[in-house]
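> after the sequence you'll find the predicted model.
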Amino acid sequence: PVLVVDFGAQYAQLIARRVREANVYSEIVPHSMSAADMLAKDPAGVILSGGPSSVYADGAPSIDPALFEAGVPVMGICYGFQAMAQAMGGTVAQTGLREYGRTQATVSEPGTALAGSPGVQEVWMSHGDSVQSAPEGFTVLATTEGAPVAAFENLEARMCGVQWHPEVKHSPLGQAAIENFLYNVAGIQPDWTSANVIDEQVERIRAQVGSARVICGLSGGVDSAVAAAIVQKAVGDQLTCVFVDHGLLREGEAEQVERDYVAATGVRLVVADERERFLEALDGVTDPETKRKIIGREFIRAFEAAERDIVAAAPEGEPVRFLVQGTLYPDVVESGGGEGAANIKSHHNVGGLPEDLEFELVEPLRTLFKDEVRAVGAELGLPEDMVWRQPFPGPGLGIRIIGAVTEERLEILRRADAIARDELTKAGLDRDIWQCPVVLLADVRSVGVQGDGRTYGHPVVLRPVSSEDAMTADWTRVPYETLAHISNRITNEVAEVNRVVLDVTSKPPGTIEWE
Ligand code: XMP
C-alpha cells in the first residue's frame, strides 16, 4: 500500500481518496506509528499529510527519521513537507507570514514531481511557517510569495514535497502532482481496480467462512447491498439476506429491495414484517436519542428472530456463524483514530450489534470509500438506481418526524418525501445532491389559506445537501424552479401540509438529519 500518515487534521482521508482515484491502494496510519511498524507494511510509498500549522508548536508531531533512511519513496504535503524539510537538514522558519486560500505558485522548474505544470499554477495554501532552504540534494521546484521553497524533489532519494494542498479541489493541478509522485517519483503501477477488489475479497471471504452459513441484514442502502453481493459471489447459497421492514421506510422501498435486488442477484431473501413491533416501541417517544436507541434495540430483536427462523427452517444445515456488515473505511478510520471523539448522535448501523451476539463479522467493504463501493456495485452488475442510491439512515423516517412517530404522520411524510424525490430526479439533480431529507415538523402548525378556506397544517422542511462523505456538507443550491414545483405539489397533494420550507444550514453547524 501507499501509507498516508495522518497528522491529525482532516486531510488524510482526502489524500487517501485521491491516491485511490489514481488506482493505487492507500491506507491511513496515525503519525504515532513507529517507522518500523510502517515499514512492516511494506509500503510502496508514504505520504505525509498536512496537520498543525507549525513544526515549532508545542507537542508538534514529528516523524521517526528512520522512515527517511529506509529508501521508501516519500511525499510531504504542507505540514508534512515542512517536517520532511526539517528532518532532512533544510531550514524551516517562523516568518509570521501566513498564506491562506488561493495562491499563485511560480514553478521555476517542474522537474518530475510537477511535470506538466505551467509556469504559474493556482494552489490552495494554509500555512504559517515556511521552508527557507531545501535540504542538500533537493531541487527547488516552485516558490510563492510567502514560501521561498514551496516545492522540491530529490529523485535519487525518491522524495518530493509541496507546501500547498494538492488533495483539495481548489488546487486544480493537485491530482496531477499526486500522480506524478506515485507513478514517476515512486514508480508505482496503477493497478488498484474494482475488479481486483472483488477478486481479492471473494478469496478472503471463502477462506474466512468455509462451509458455515452466513446472514446479512439488507437495509436497501448501497453498502449492505454491495456487501451482500460480494459475499454471495464468494459463498453463494450459504448466504441468507434479511430485510427488516420497520415501517419507517419511504414509499416503495421495501418493494424495491424485494423485487430489484433479488432479481439482480438471485439471493435468498427473508423479509421480516416488523412494522408493529417498531411502532409500538416508539409510541409517544419524542426525544431523538431515545428514538435512536429504541430503533437500534428493536432492530437487534427483529434480527435475532429472523435468525431463529432461518435455523428452524433448516435445522440440519451448518451453523450460522457469520454476519455480514457493510462497514466502510471511514468508519474504521474514525473509530480507530478517535481520541474521545464526541458522540454527536448514536448512529446505529443496522449491524450495531451487541458484543454478546455470537457471530463473527464479515466486512468486505472495510477498506473502501463510498465512491469505491459504488464502483464495485456497478462491477458486480447491481442495478444503477441501487448503486447510486442516496444514503438513507437506518432509523429511517423515525428521525425525520420531529415529535412522536405515528402511522398517520409516517404516511404524511412518506407522501411529501416521494414528491420531493420525484421532482429532484426529474430535474436531474440526483447526483449533485448527496441526499435530501424531508422532515415533518409534526408538533408545529401554522395558518394557511387554501381554496377560500383557512388551513391549520404542518410544515415540512427540505434539506438538500451536497457532500463528499457526509462528514461535512453544504446545502445544495437547488434551482428555484425545482423548489417551486416541489412546494406546489406537496401543498396540493398532501392535505395535512400547508407550508414547505428550505433548510439553508451547512454541516457544521447543522447535522444532515434533524434528529
Ligand atoms: P448526520 O445527521 O449525523 O448524518 O449529519 C450523517 C449521515 O449519516 C446518516 N445517518 C445515519 N445512517 N444510521 C445510519 O445508517 C443512523 O443512525 C444514521 N444517522 C444519520 C445521515 O443520513 C447522513 O447520510
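Great, that's in hand.

> okay, CA-based contacts and neighbour counts for the rest of this
Noted.

> just give me the neighbour total for the spatially closest residue to Glu122 that is not a sequence neighbour.
Nearest in space to Glu122, with sequence neighbours left out and distances taken as Cα to Cα, 6 or more residues apart in numbering, is Gln104 at 4.8 Å. Gln104: 14 surrounding residues under other Cα atoms under 10 Å.

> was I right to think Gln104 contacts Gly119?
No. Using Cα atoms under 8 Å, Gln104 makes no contact with Gly119, being 10.0 Å away.

> which SS state does Ala272 fall under?
Secondary structure state of Ala272, per DSSP: H, G, I helix; E, B strand; the rest coil, is strand.

> make that Ser126, sorry
Criterion first, three-state DSSP; result for Ser126: strand.

> do Leu413 as well
helix.

> got the phi and psi for the closest residue to it other than its chain neighbours?
For Leu413, ignoring the flanking residues on the chain, the nearest one in space by Cα to Cα, 6+ apart is Leu440 at 6.1 Å. Reported as degrees, to the nearest 10, the phi and psi values for Leu440 are phi -100, psi 120.

> for Leu440, grab the count of nearby residues.
Around Leu440 there are 28 residues (other Cα under 10 Å).

> can you name the farthest residue from the center of this structure?
If you look at how far each residue of the chain sits from its centre, by Cα atoms, centre = their mean, the farthest one is Asp452, at 48.4 Å.

> any idea of the pLDDT on it?
Note for Asp452: predicted pLDDT of 85.

> and the strands in the stretch 201-350 of the chain?
Remark: strands assigned in the stretch 201-350 of the chain by DSSP state E, counting those that start in this stretch are 213-218, 239-245, 268-273, 320-324.

> winner for burial among these?
strand 213-218 (a mean of 25; mean count of other Cα atoms under 10 Å).

> coming back round to it: what's the closest of the strands of the stretch 201-350 of the chain to the ligand?
Nearest to the ligand, of all the strands of the stretch 201-350 of the chain, is strand 213-218, at 11.4 Å by Cα to the nearest ligand atom.

> for the record, mean pLDDT for the closest one?
94.

> repeat that for stretch 461-475.
91.

> next one: stretch 235-254
95.

> what's the local residue count around the residue nearest to Gly377 when sequence neighbours are not counted?
Distances taken as Cα to Cα, 6+ apart put Val226 closest to Gly377, at 5.3 Å, once the chain neighbours are dropped. Counted with other Cα under 10 Å, the neighbours of Val226 add up to 26.

> low-confidence stretches in the stretch 151-300 of the chain?
Within the stretch 151-300 of the chain, no stretch has pLDDT under 70.

> circling back: so what's the residue farthest from the centre of the chain up against?
By Cα atoms under 8 Å, 6 or more residues apart in numbering, no residues touch Asp452.

> now the strands of the stretch 201-350 of the chain in TSV, with distance to the ligand?
Listed next are these as TSV, based on distance: least, Cα to the nearest ligand atom, whole Å:
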stretch	distance to the ligand
strand 213-218	11
strand 239-245	14
strand 268-273	18
strand 320-324	15
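
> can you list those strands in JSON lines and add distance to Leu462?
Converted to JSON lines, these look like this (distance: least, Cα to Cα, whole Å):
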{"stretch": "strand 213-218", "distance to Leu462": "27"}
{"stretch": "strand 239-245", "distance to Leu462": "25"}
{"stretch": "strand 268-273", "distance to Leu462": "29"}
{"stretch": "strand 320-324", "distance to Leu462": "33"}
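
> I'd like to know which of these is closest to Ile490.
strand 239-245 (25.4 Å; Cα to Cα).

> okay, buried residues for stretch 259-269 please.
261, 265, 267, 269 (16 or more other Cα atoms under 10 Å).

> which of the residues you listed lies closest to the ligand?
Tyr261 (18.8 Å).

> can you list the domains in this structure?
2-185, 194-387, 400-502 (automatic domain parsing).
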